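Novice: model the structure of this input:
(one chain, ligands or ions: 1)
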Amino acid sequence: MATVASLHADHSRLFMLEGHPFRTVYPVLSRRSGGLSIGINLNLDKGCNFDCIYCQVDRMVPEMEMKRLPVLEGVMEELGLLFSAMDSGTFFRETSFGALPQELRAVKDIAFSGDGEPTLAPAFREVSLAVRQFLSGREGDGGSHPILRLITNGSGLFPRDARLWTRKIFLEEGPGEIWLKLDAADRKLFDFINRSRVPFERMMQGLDQVVADLPVTIQTMILDYGSPGEAESFTAGRDLWDPLLEKVSGWAKMGARIGAWHLYSVARSPAMEGVRKVPVERLEAWAREASSLPFPVLVFP
Ligand code: SF4
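Specialist: Numbering: from 1, shown residues only. Have a look, this model is predicted:
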């Protein structure tokens, strides 16, 4: 039987409602959103320009079978079915989310996340526009009013026109947030943790532009890897934290509009063995060190 803890740990993209298998839209219970989050997966080919060691996406498993409909139509059909089922109560009667207490049943966001970097998916712009219009159409109907959220490694926002588009759709045409990944601000650790095809220097330069132009929430995954003493093992320590704090402090000094900084660790099983959750005390100690920053630093162990 599902529990709140098991639902927090289950962020599977595979969802079925009344015999209809969903391909692009998936509900999850999100610790950091504070309730239900409706994920949108535009990366059905699992394409990403990062290969984070903690990523949950198992790229050894063949890509998801393409839906008969194009991505835009597929997302809108599934979103419509899901919200109708939520409005009618069928969703809670017929899925494991029925285990949720009332206070966790509100839909907090529709989040572009999924099996790869959403801003690089060819359908990103047309789908984000359509989803914003879908949310605007629900205003005033007495139901829940989720915000639109973009969860991104930022690389698709390096071109100026992509930042303008994102600001318009996610922040200006209705309530929304951008959650920006920054797991390492040191070249060696960036290469070890994010294994990106984008060079470290280009990433840092591009992220400087992103935070100068867009209000963001920063999200930092902090993990240990392997067992101490093993050749490839890694324990997150000062060599990770000091450059991160310096980078984020520098952004704050240059006037970046940072809403919050999330320090979090592994809550679900990553595809790669050896990735380990860090003790909450380490996250809390670092959050205390960052407490003079002009925004909250929040810990999600
Ligand atoms: S950026 Fe996200 S989807 Fe891409 S590899 Fe990292 S965790 Fe996975």
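
Novice: distance of whatever residue of the stretch 151-300 of the chain ends up closest to the ligand from C48?
Specialist: Residue of the stretch 151-300 of the chain nearest the ligand, by CB to the nearest ligand atom: N153 (4.4 Å). The way it works is simple: take the backbone N, C-alpha and C, and place the C-beta from them, glycine included. Distance of N153 to C48, given as CB to CB, to the nearest Å: 8 Å.

Novice: I'd say F97 and T90 touch.
Specialist: No - using CB atoms under 8 Å, F97 makes no contact with T90, being 11.0 Å away.

Novice: quick one, which of those two is more surrounded?
Specialist: Taking neighbours as other CB atoms under 10 Å, F97 and T90 compare with F97 leading, 19 against 14.

Novice: in a helix, the more buried one, correct?
Specialist: Yes - the assignment for F97 is a helix, going by DSSP: H, G, I helix; E, B strand; the rest coil.

Novice: what about it, distance to the ligand?
Specialist: Distance from F97 to the ligand, counting by CB to the nearest ligand atom, to the nearest Å: 24 Å.

Novice: show the model's pLDDT score for that residue.
Specialist: Per-residue confidence (pLDDT) for F97: 91.

Novice: for the one 5 residues further on, same thing?
Specialist: We note a pLDDT of 86 for Q102 in this prediction.

Novice: relative to the ligand, how far out is it?
Specialist: Distance from Q102 to the ligand, by CB to the nearest ligand atom: 32 Å.

Novice: V211: what's its closest spatial neighbour, skipping adjacent residues?
Specialist: Excluding its sequence neighbours, the residue lying closest to V211 (CB to CB, 6 or more residues apart in numbering) is A256, at 4.1 Å.

Novice: test my guess that that neighbour contacts Q209.
Specialist: No - the criterion here is CB under 8 Å, and A256 misses it with Q209 at 10.7 Å.

Novice: between the two, which has more neighbouring residues?
Specialist: Applying other CB under 10 Å to A256 and Q209 shows that A256 carries more neighbours, namely 20 against 15.

Novice: host element of that one?
Specialist: For A256, there is no host helix or strand (DSSP states H and E).

Novice: what sits against it?
Specialist: Neighbouring residues of A256 by CB atoms under 8 Å, 6 or more residues apart in numbering: V211, A212, V216.

Novice: which among those residues count as buried?
Specialist: The neighbour-count test (16 or more other CB atoms under 10 Å) marks V211, V216 as buried among those.

Novice: now secondary structure too, for the contacts of A256, in JSON lines please.
Specialist: Output for those, formatted as JSON lines (three-state DSSP):
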{"residue": "V211", "secondary structure": "helix"}
{"residue": "A212", "secondary structure": "helix"}
{"residue": "V216", "secondary structure": "strand"}
